[in-house]
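Chemist: Predicted model, plus sequence, below.
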Amino acid sequence: MNASGQAARQAADYYRVAVEDVLVVLDDMALPLGRLRARPDGSAGGHKGLADVMRAFGTEAVPRLRIGIGQPPEFMDGEDYVLAAFGEDDQSVIAAAIESAAQAVEDWLFEGLAAIMDKYNRPAETGED
């Protein structure tokens with residue numbers, strides 16, 4: 001996944017898709033577990049796969065949808081954390097986030113990036129006031 005830029009660029013070139021019509025979906029340790037955030041551009045934020053995609057397209061203006069996976073425990077390296085299975089307590093949260101992300105991608109196709117930013121970039125409802 002860290003070297004996904006070449007494949008993304010080749011697919012975009014083959015289908016004659018502009019970079020602004022590509023949506024990269026990725027995990028993000030900087031977001032709380034299950035939180036979604038869409039953006040039109042920006043830095044890779046340390047994400048090697050996104051950095052490779054941006055390098056392949058030659059721009060930071062690559063639309064992306066980040067799915068929060070939370071921070072690794074103090075004893076675990078970040079690379080090991082992103083490859084590890086989710087704990088039992090986190091399974092339902094990440095399953096719901098994946099469903100929301102899939103819906104966000106569909107919404108992006110029909111409504112555009114601004115619409116999904118407005119709809120999904122909010123903190124998850126906690127039921128608390």
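Modeler: That came in fine, so what should we check first? Numbers count the residues shown, from 1 in each chain.
Chemist: And the contacts of the least confident helix or strand in the chain by mean pLDDT?
Modeler: Scoring the helices and strands of the chain by mean pLDDT, DSSP states H and E places helix 78-83 at the bottom, with a mean of 86. The contact list for helix 78-83, computed with CB atoms under 8 Å, 6 or more residues apart in numbering, reads Asp27, Met29, Ile69, Pro72, Pro73. For every residue, glycine as well, the C-beta is placed using N, CA and C.
Chemist: Check stretch 35-49 too.
Modeler: 1-5, 20, 26-28, 30-31, 50-51, 54, 59-68, 97, 100-101, 104, 108, 113, 116-117, 120-121, 123-124.
Chemist: Just the ones in strands from the residues you listed, please.
Modeler: Leu26, Asp27, Asp28, Arg64, Leu65, Arg66, Ile67, Gly68 (DSSP state E).
Chemist: before we move on, the earlier item: would you indicate which residues of the least confident helix or strand of the chain are buried?
Modeler: Val82 (16 or more other CB atoms under 10 Å).
Chemist: which residues touch Ile98?
Modeler: By CB under 8 Å, 6+ apart, the neighbours of Ile98 are Ile67.
Chemist: ok, back up a step: export the ones in strands among the contacts of stretch 35-49 as a markdown table, with columns for distance to Tyr81 and pLDDT.
Modeler: Formatted as a markdown table, the ones in strands among the contacts of stretch 35-49 follow (distance: CB to CB, whole Å; pLDDT from 0 to 100):
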| residue | distance to Tyr81 | pLDDT |
| --- | --- | --- |
| Leu26 | 15 | 95 |
| Asp27 | 10 | 94 |
| Asp28 | 12 | 93 |
| Arg64 | 20 | 97 |
| Leu65 | 20 | 97 |
| Arg66 | 16 | 96 |
| Ile67 | 14 | 96 |
| Gly68 | 13 | 94 |
